[in-house]
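Novice: fold the following.
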Amino acid sequence: MATTVVNSTPATTQDNGMAFLIGVILFIMFIVVLLFLGIPYIDRVFNGAKTQINIPDHVNVNIQKDKSKSY
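Specialist: Got it, this is the predicted structure:
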């Protein structure tokens, strides 16, 4: 008795690399967002917050109108 081997046609896809291109673009976007958010966070962790706000002791809010001008 002879053994019959049936070779099926290989599965081919018509992929032209679009999935690879989308993956590379998403990967680059992920790296940019990671750097955009990650570098300031790492800087704050290692160097501490250096925000300094100076408030003056006295604020002059006295507004005087010039009576010589009429609007």
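Novice: okay, now the unreliable bits of this protein?
Specialist: The model of the chain has pLDDT under 70 over residues 1, 13, 15, 49, 66-71.
Novice: show me where it has its strands.
Specialist: Read by DSSP state E, the chain holds no strands at all.
Novice: residue nearest the middle of this protein, spatially speaking?
Specialist: The C-alpha lying nearest the average C-alpha coordinate of the chain belongs to residue 33 (C-alpha atoms, centre = their mean; 2.8 Å).
Novice: would you map the helices across the chain?
Specialist: 18-47 (DSSP state H).
Novice: OK, contacts around residue 20?
Specialist: Residue 20 is in contact with no residue at all, counting by C-beta atoms under 8 Å, 6 or more residues apart in numbering. Heads up, the C-betas are built off the backbone N, CA and C, glycines and all.
Novice: against residue 30, how distant is it?
Specialist: Distance, residue 20 to residue 30, by C-beta to C-beta, to the nearest Å: 15 Å.
Novice: one more: residue 11?
Specialist: In this view, residue 11 and residue 30 are 31 Å apart by C-beta to C-beta.
Novice: who has more neighbours, the two?
Specialist: Between residue 11 and residue 30, counted using other C-beta atoms under 10 Å, residue 30 has the larger neighbour count: 10 against 5.
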